[in-house]
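>>> Build me a model:
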Amino acid sequence: MFLGTYEPRLDEKGRLILPAKFRDEMAPGVFITRGQDRCLYAFPRDEFERVHTELRQASSADKRTRDYMRVFLSGASEEIPDRQGRVTIPANLRKYAGLDRELAVIGTGTRIEIWDAAAWATYLEASEQAFADISEEVIPGL
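Now for the predicted structure:
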C-alpha cells in the first residue's frame with residue numbers, strides 16, 4: 001500500500017528518485033500516465049494491468065469511456081527504475097502536469113500521484129475544508 005507525502009526533486013534529465021518505501025513494489029516496472037487534477041498517476045506493473053483489464057471490460061459504445069481510455073492510455077509510459085530508484089518522466093507528461101523541479105509524491109493506496117509541489121499545496125489547501133465536510137458521507141462512522 002502506498003501512503004504518505006514525499007518531496008523529491010526532478011533532476012536535470014527529468015528523472016524522479018522514487019521514495020525508498022515505494023521502490024520494492026515499483027522495481028519490476030512503473031507505469032506513469034496522466035491523472036486527474038493535472039497530476040500524474042504511477043502504478044506498479046500488476047496494478048496497471050488490473051486497471052487496464054477493468055478498462056477493457058467497460059463498454060466502448062459509451063463515448064465517455066472511449067474518451068477516458070484515450071486520454072489515460074495514450075499518455076502511459078512504462079519505466080524501469082534504475083539502481084538508484086530513479087525513473088524518467090517523459091517530457092509530454094511533465095508538461096501535462098506542469099512539473100518543475102520541486103515535486104510532491106503522494107501515496108494514494110494502490111498508486112502514487114506525482115504533483116508539482118506548488119500545485120499540490122494549492123490543491124490541498126482548497127480541498128481540506130471539503131475533506132472535513134464530507135468525511136461522514138464517504139466513510140460512515142469515521
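
>>> Show me what the longest helix along the chain packs onto, helices and strands only.
For the chain, the helix with the greatest residue count under DSSP state H is helix 117-138. Judged by 3 or more CB pairs under 8 Å, 6 or more residues apart in numbering; DSSP states H and E, helix 117-138 is in contact with strand 103-107. In short, each C-beta sits where N, CA and C put it, glycine included.

>>> quick one, phi psi at residue 2?
Here is the backbone geometry of residue 2 (degrees, to the nearest 10): phi -100, psi 120.

>>> who are the neighbours in contact with it?
22, 25, 107-112 (CB atoms under 8 Å, 6 or more residues apart in numbering).

>>> Repeat that for residue 108.
residue 2.

>>> And it, what's its pLDDT?
pLDDT, residue 108: 97.

>>> List phi and psi for it.
phi -130, psi 40.

>>> can you tell me how far it sits from residue 83?
26 Å (CB to CB, to the nearest Å).

>>> for residue 98, same thing?
For residue 98 relative to residue 83 (CB to CB), the value is 29 Å.

>>> same deal with residue 11?
Taking CB to CB, one finds residue 11 at 15 Å from residue 83.

>>> Then residue 97?
Taken as CB to CB, the span from residue 97 to residue 83 is 26 Å.

>>> Can you show me the CA trace of stretch 18-32 as PDB?
Taking Å, rounded to 0.1, in the frame of the first residue of the first chain, the C-alpha atoms of stretch 18-32 are listed here in PDB:
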ATOM      1  CA  LEU A  18      11.200   7.200  -6.100                       C
ATOM      2  CA  PRO A  19      10.700   7.300  -2.300                       C
ATOM      3  CA  ALA A  20      12.500   4.400  -0.600                       C
ATOM      4  CA  LYS A  21       9.300   3.000   0.800                       C
ATOM      5  CA  PHE A  22       7.900   2.600  -2.800                       C
ATOM      6  CA  ARG A  23      10.900   1.100  -4.600                       C
ATOM      7  CA  ASP A  24      10.400  -2.600  -3.900                       C
ATOM      8  CA  GLU A  25       6.900  -2.600  -5.300                       C
ATOM      9  CA  MET A  26       7.800  -0.400  -8.300                       C
ATOM     10  CA  ALA A  27      11.100  -2.300  -9.100                       C
ATOM     11  CA  PRO A  28       9.500  -4.600 -11.800                       C
ATOM     12  CA  GLY A  29       8.200  -1.600 -13.600                       C
ATOM     13  CA  VAL A  30       6.300   1.700 -13.200                       C
ATOM     14  CA  PHE A  31       3.500   2.800 -15.500                       C
ATOM     15  CA  ILE A  32       3.200   6.600 -15.500                       C
END
